[in-house]
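J.: next one to model:
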Amino acid sequence: MTADNAYKGPIPALDLSLTAFDRQIGPVRVIGSWWLDEQGMKMPRPCLVLLHPLRRVRAGVTVPVVIKLDDAWKWAPDTPDPIPGLNTHTEGGPTWAKRTIAGWLREGLLPGNPNSLPDLIAVAGAIIDSLRDLIHMPPLPPRKSKLVLAEVEIVNTNTGKTIGAAEIT
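T.: Residues are numbered from 1 along each chain as shown. Presented below is the predicted three-dimensional model:
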């Protein structure tokens, strides 16, 4: 994911205060979080967030690598390379994974040299080691949801002053 195609809506597509797990695997920080939809949080989907472990996360500055649950199959170790002419998909498989990871390393999103096979394998290993956790992530807990259902305001009808106000989530 590059900064050009990052979600720019009013609700953050990724809220790293909402995590299922956060660990470092080899040279990569791997976080299990939820990708939020444009309507707020009606359909948050589990995702892996890959970050450079030595860089501080800063809103609007940090560009994470995000692997959504729907794309987990592309990273499965037994996904074969597409056979030209027979397979209609162009993503997934070891050759695609190698090119994709090399691109992330080239952009400086993750630590490593894009021409170093051990660095490519280390990042791929971090992804593969986290796929099971991604697939088994629970839905975003409702108590953490920030979807506002209603706003309540109690007003004294004699004075017009607001006595209290709250959001119902």
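J.: tell me the SS of Ser130?
T.: helix (DSSP: H, G, I helix; E, B strand; the rest coil).
J.: show me the contacts for the nearest residue to it once chain neighbours are set aside.
T.: Beyond its immediate neighbours in the sequence, the residue positioned closest to Ser130 (C-beta to C-beta, 6 or more residues apart in numbering) is Val30, lying 4.9 Å away. The way it works is simple: take the backbone N, C-alpha and C, and place the C-beta from them, glycine included. When contacts are counted by C-beta atoms under 8 Å, 6 or more residues apart in numbering, Val30 is found next to 21-24, 48-50, 126-127, 129-130.
J.: which residue ranges form the strands in this protein?
T.: 21-25, 28-35, 45-51, 65-68, 150-155, 162-168 (DSSP state E).
J.: the ones you listed: which one's closest to Val57?
T.: Nearest to Val57, of all the strands of the chain, is strand 45-51, at 6.7 Å by C-beta to C-beta.
J.: now the closest one, how far from the centre of its chain.
T.: Computed by C-alpha atoms, centre = their mean, to the nearest Å, the chain-centroid distance of strand 45-51 equals 3 Å.
J.: ok, it: who's next to it in the sheet?
T.: The strands beside strand 45-51 in its sheet (DSSP bridges) come out as strand 28-35 (antiparallel), strand 65-68 (antiparallel).
J.: for that strand, give the mean pLDDT please.
T.: Strand 45-51 shows an average pLDDT of 95 in the prediction.
J.: also stretch 21-28?
T.: Across stretch 21-28, the average pLDDT comes to 96.
J.: swap in stretch 120-131?
T.: 97.
J.: okay, it in CSV with CA atoms only?
T.: What follows is the C-alpha trace of stretch 120-131 in CSV, where atoms were taken according to Å, rounded to 0.1, in the frame of the first residue of the first chain:
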residue,chain,number,x,y,z
LEU,A,120,12.8,-11.2,1.3
ILE,A,121,12.4,-14.5,3.1
ALA,A,122,12.4,-12.8,6.5
VAL,A,123,9.5,-10.6,5.6
ALA,A,124,7.6,-13.4,3.8
GLY,A,125,8.2,-15.6,6.9
ALA,A,126,6.7,-12.9,9.2
ILE,A,127,3.6,-12.7,7.0
ILE,A,128,3.2,-16.5,6.7
ASP,A,129,3.7,-16.9,10.5
SER,A,130,0.9,-14.5,11.1
LEU,A,131,-1.7,-15.8,8.6
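J.: many thanks, have a good one.
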